[in-house]
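# predicted coordinates and the sequence they were generated for:
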Amino acid sequence: MKNYTLLFVTIIGAFSFSCYAQQSKINSADKKYDSYAYVDAIKIYEKVANKGYKSEDMFKKLGNAYYFNSDFQNAAKWYGELFAMNPNPEPEYFFRYAQSLKSTGDMAKANKLLEDFNAISKNDNRGKLYKEDANYMDQIKANSGRYQIEDAGINSRYSDYGSFVYNNKIYFASARDTGNFIKRKHKWTGEYFTNIYDADLDPATGGTSKVNKFKSAINTKFHEASPVFTKDGKTVYFTRNNFIDGKKGKDESKVTLIKLYKAELGKDNKWTNITELPFNSNNYSTAHPALSPDEKTLYFASDMPGSIGESDLYKVNINSNGGYGPPENLGNTINTEGKETYPYLTSENEIYFASDGHPGLGGLDVFVANIDKNGKISNIQNLGADVNSPKDDFAYIIDPETRRGFFSSNKDGGQGSDDIYKFLETRRLRCTQELYGIISDAETGAALPGAKVTLYDDQMNLKNSAVADGTGLYTFDVECGKTYYVRAEKPEYTTRELSVTIEKTSGKTNLPIALEKATCKVTVGDDLGKCFGIKMIYFDLDKSNIRTEAALDLEKILAVMNDYPNMKLDIRSHTDSRASHQYNEALSDRRAKSTVQWLVKNGIAPNRLTGRGYGETELVNKCADGVPCTEAEHQANRRSEFIITAL
């Protein structure tokens with residue numbers, strides 16, 4: 001995908017250069033590179049490189065020139081030369097080389113580079129995302145095979161991209177023509193500037209008619225793209241170079257960036273009152289607008305100050321008086337240090353977007369996430385290998401009812417550098433499973449009708465609850481790939497809680513839960529916690545404040561102490577060996593005392609309680625310092641004990 005379809009579109013003047021010496025050529029190429037005239041820069045750099053001249057700086061710029069024009073195969077070639085000269089360049093080149101290698105199909109080497117990238121860039125969200133989802137290809141595979149995809153029928157041998165459907169017409173940007181006699185070419189991409197075009201659309205089939213140039217003052221001699229119409233058709237938001245009233249605006253480097261504009265439909269059906277939005281600037285870009293379903297919020301991409309990466313997704317409130325609130329970054333759940341762009345909102349509380357920062361197939365991939373009424377974003381998923389490819393895939397739109405839509409890509413097999421594809425989604429991405437099981441008596445195996453069953457997510461947030469039916473059966477609808485906790489309770493039985501990780505494909509998951517009778521006989525010296533299956537009281541990492549989910553277990557201890565007013569307890573907190581002895585002892589001691597404080601706060605007399613942390617001094621197995629152990633073996637040592645000292 002040409003970079004004007006991303007964010008940083010510029011208007012570049014022509015530059016002359018001489019051919020007398022290698023360094024002169026390099027200097028000339030550097031000037032073109034610094035002015036974003038990548039097409040001219042590539043020609044000069046390659047002439048010099050092919051004559052045997054080697055330079056880290058030149059290889060970086062050659063790789064970048066191809067990378068920013070989405071020619072990942074050539075980018076991989078020159079980044080390879082860079083790494084051959086210097087195996088440890090700046091961290092960003094590890095990421096760009098990995099993305100380029102994905103596009104060539106060398107996933108093994110790309111993943112190794114991403115591992116290195118994460119190791120040297122510990123605070124970079126792109127590396128963390130790769131580390132957290134090292135098996136991301138499994139998700140992509142599971143999400144594939146859901147589309148019927150065809151050429152949209154409106155493409156040319158030039159770049160066509162960024163569609164929007166309104167009133168049975170499809171609107172899009174194209175570089176196919178900017179005039180009969182003077183055709184203005186863009187130095188970054190080597191193609192003509194884009195204007196907005198339209199074609200009639202058959203909503204039932206996605207078929208299109210003859211393409212027409214959008215006859216409006218919206219189109220100028222420079223770039224226009226990404227039109228978005230309001231439902232009443234009276235307002236359009238679009239992307240354009242910093243150009244209005246016949247004048248170009250430039251940033252401090254004398255580069256013309258891109259901005260968001262708005263136009264209104266006049267009584268004569270002509271677009272008038274073309275104005276730039278108030279949060280634009282000559283010194284950063286804003287682009288690719290999208291409206292929320294209620295049209296009260298405008299989403300867009302920008303590299304404005306405060307951005308996390310090369311371009312982030314933002315939103316602004318559209319006020320009732322026609323004004324706008326301040327831009328709000330959508331946050332690091334969705335934004336990475338790379339590019340996030342082309343947002344699209346649906347009535348099903350979903351946001352589609354393109355990104356090269358989230359784990360994908362290379363270049364830009366299309367992702368979808370849930371977005372709630374408060375703007376919280378969750379459950380980001382790659383759309384799969386039907387839409388996504390090793391190249392750039394972006395500008396995805398879909399009708400939630402017909403499941404038809406369009407996206408843009410420069411994948412192999414197209415007519416131009418970017419092409420628009422139409423699709424029919426034949427299977428919804430939303431992967432769900434049925435989680436079910438029988439609640440039974442652990443000793444007899446008999447079903448336990450009426451048992452209360454509660455479902456929590458991996459952060460112990462309540463998701464659902466149910467009562468086991470006459471056969472002891474419970475069921476929950478859950479999301480694929482998620483981890484849940486299921487808690488079963490019944491009078492006269494000990495409450496039990498199990499975790500379960502759901503498979504990444506649709507189906508059913510069986511989780512039976514056997515409960516033990518709550519007849520626990522204890523005496524002085526016994527661990528009261530064992531009666532209730534309390535292995536440890538949970539705290540936030542490296543902290544000693546009681547977490548919410550620990551309250552249930554402490555409530556059990558509290559109830560017994562209230563029933564037995566003469567009972568006294570010594571509360572002991574233990575750790576595994578994976579930190580210093582001094583640190584573990586201090587942390588466990590604070591945690592034991594926090595547990596005591598919780599019980600005192602809830603009515604237990606202080607003289608009935610003692611508490612101490614033992615750190616790693618009383619391990620229950622071999623897992624001392626330096627001894628290889630499994631996570632389960634270490635877990636056995638992380639425990640809380642409630643030793644009865646008096647009855």
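Received it, and whenever you're ready, just let me know what you need.
# hmm, E328 is touching V316, no?
Yes. At 6.9 Å, E328 and V316 qualify as touching, with contact defined as CB atoms under 8 Å. The way it works is simple: take the backbone N, C-alpha and C, and place the C-beta from them, glycine included.
# and S580, how many residues sit next to it?
When counting by other CB atoms under 10 Å, one arrives at 12 neighbours for S580.
# repeat for K43
15.
# ok, now D589?
Neighbours of D589 (other CB under 10 Å): 17.
# quick one: residues contacting P512.
G437, I438, I439, S440 (CB atoms under 8 Å, 6 or more residues apart in numbering).
# which of the residues in the strand or helix carrying the third one are buried?
With elements delineated by DSSP states H and E, I439 resides in strand 432-441, which encompasses its position. Under the neighbour-count criterion of 16 or more other CB atoms under 10 Å, strand 432-441 has Q433, L435, G437, I438, I439, S440, D441 buried.
# just to revisit the earlier point, out of the contacts of P512, which is nearest to Y136?
G437 (29.8 Å; CB to CB).
# and that closest one, how far from D469?
12 Å (CB to CB, to the nearest Å).
# got it, and I439?
As judged by CB to CB, I439 and D469 stand 10 Å apart.
# do K60 as well
When distance is defined by CB to CB, K60 is 65 Å away from D469.
# between the two, which one's more packed in?
K60 (22 against 15).
# assumed that one was part of a helix.
Yes. Applying DSSP: H, G, I helix; E, B strand; the rest coil, one finds K60 inside a helix.
# just to be sure, N379 is in a helix?
No. Using three-state DSSP, the assignment for N379 is strand, not a helix.
# how is this protein divided into domains?
Per automatic domain parsing, the structural domains of the chain span 3-134, 147-425, 432-515, 528-646.
# and I140, which of the ones you listed is closest to it?
Judged by CB to CB, the one of the domains of the chain that comes nearest to I140 is domain 147-425, at 5.0 Å.
# show the average pLDDT along the closest one.
Taken as a whole, domain 147-425 has an average pLDDT of 87.
# helices and strands around the longest helix anywhere in the chain, which ones?
As assigned by DSSP state H, the longest helix anywhere in the chain is helix 581-601. Counting by 3 or more CB pairs under 8 Å, 6 or more residues apart in numbering; DSSP states H and E, the packing neighbours recorded for helix 581-601 are helix 551-563, strand 568-574, strand 609-615, strand 640-646.
# what comes up buried for the first one?
What it means is helix 551-563. For helix 551-563, by 16+ other CB under 10 Å, it's L552, D553, L554, K556, I557, L558, V560, M561.
# ok, those residues vs V236, which is closest?
Of the buried residues of helix 551-563, the one sitting nearest to V236 (CB to CB) turns out to be L552, at 54.8 Å.
# just the pLDDT for that closest one.
70.
# quick one: the helix or strand harbouring A290 to chain centroid distance?
Using DSSP H and E, A290 sits in strand 286-291. Distance, stretch centre to chain centre, for strand 286-291: 18 Å (CA atoms, centre = their mean, to the nearest Å).
# and the contacts of it?
Around strand 286-291, the neighbours that count as contacts under CB under 8 Å, 6+ apart are 6-7, 9, 162, 225-226, 228, 230, 237-239, 258-260, 277, 279-280, 297-302, 304, 311, 314, 341-345, 395.
# repeat that for 6 Å
The list of residues contacting strand 286-291 from outside it, by CB atoms under 6 Å, 6 or more residues apart in numbering, reads 7, 226, 228, 237, 239, 258-260, 280, 298-302, 341-345.
# what average pLDDT does stretch 118-127 get?
On average, stretch 118-127 scores 80.
# residue boundaries of the strands in the stretch 251-400 of the chain?
258-265, 271-276, 286-291, 297-302, 312-317, 328-329, 340-345, 350-355, 365-371, 377-382, 393-398 (DSSP state E, counting those that start in this stretch).
# of all the ones you listed, which lies closest to T509?
Among those, strand 377-382 comes nearest to T509, with 18.0 Å by CB to CB.
# R146 contacts L424, correct?
No. The criterion here is CB atoms under 6 Å, and R146 misses it with L424 at 9.7 Å.
# looking at these two, which is more packed in?
Neighbours per residue, other CB under 10 Å: of R146 and L424, the larger number sits with R146, 19 against 16.
# and that one, what does it touch?
Each residue near R146 by CB under 6 Å, 6+ apart is listed here: E425, T426, R427.
# mind checking how far the second one is from I502?
According to CB to CB, T426 stands 23 Å off from I502.
# likewise I140?
18 Å.
# just N135 next, same as before
15 Å.
# between these two, tell me which one has more neighbours.
More neighbours surround I502 than the other of N135 and I502, with 21 against 10 (other CB under 10 Å).
# not counting its neighbours along the chain, what's nearest the residue nearest the centre of the chain?
Nearest to the mean C-alpha position of the chain, counting by CA atoms, centre = their mean, stands I334 at 4.1 Å. Distances taken as CB to CB, 6 or more residues apart in numbering place I377 nearest to I334, at 5.0 Å, with adjacent residues excluded.
# please report how far A559 lies from M567.
From A559 to M567 the distance is 11 Å (CB to CB).
# looking at E328 and V316, which one has more neighbours?
V316 (20 against 13).
# doesn't F300 make contact with that one?
No. If you go by CB under 6 Å, V316 and F300 don't touch, sitting 7.9 Å apart.
# before we move on, back to that, tell me how far the residue nearest to I334 lies from N332.
I377 is 10 Å from N332, by CB to CB.
# looking at those two, which one has more neighbours?
Per other CB under 10 Å, whichever of I377 and N332 has more neighbours is I377, with 17 against 13.
# now that one, which residues is it bridged with?
I371 (DSSP bridges).
# what sits against it?
T333, I334, A369, I371.
# let's see it at 10 Å
L313, L330, G331, T333, I334, N335, I351, F353, A369, N370, I371 (CB atoms under 10 Å, 6 or more residues apart in numbering).
# who does the first one form a beta bridge with?
According to DSSP bridges, the residues that bridge with L313 are A301.
# one step back: between the contacts of I377, which sits nearest F407?
Distances from F407 to these, taken by CB to CB, are shortest for F353, at 11.7 Å.
# how many neighbouring residues does that closest one have?
For F353, the count of nearby residues is 30 (other CB under 10 Å).
# so how far is D441 from S465?
For S465, the distance to D441 - CB to CB - is 21 Å.
# do the same with D151
Applying CB to CB to D151 and D441 gives a distance of 63 Å.
# quick revisit: can you redo the buried residues of strand 432-441 as JSON lines with pLDDT and distance to L473?
Putting the buried residues of strand 432-441 into JSON lines (pLDDT from 0 to 100; distance: CB to CB, whole Å) gives the following:
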{"residue": "Q433", "pLDDT": "84", "distance to L473": "16"}
{"residue": "L435", "pLDDT": "94", "distance to L473": "12"}
{"residue": "G437", "pLDDT": "96", "distance to L473": "7"}
{"residue": "I438", "pLDDT": "97", "distance to L473": "6"}
{"residue": "I439", "pLDDT": "96", "distance to L473": "8"}
{"residue": "S440", "pLDDT": "96", "distance to L473": "10"}
{"residue": "D441", "pLDDT": "92", "distance to L473": "15"}
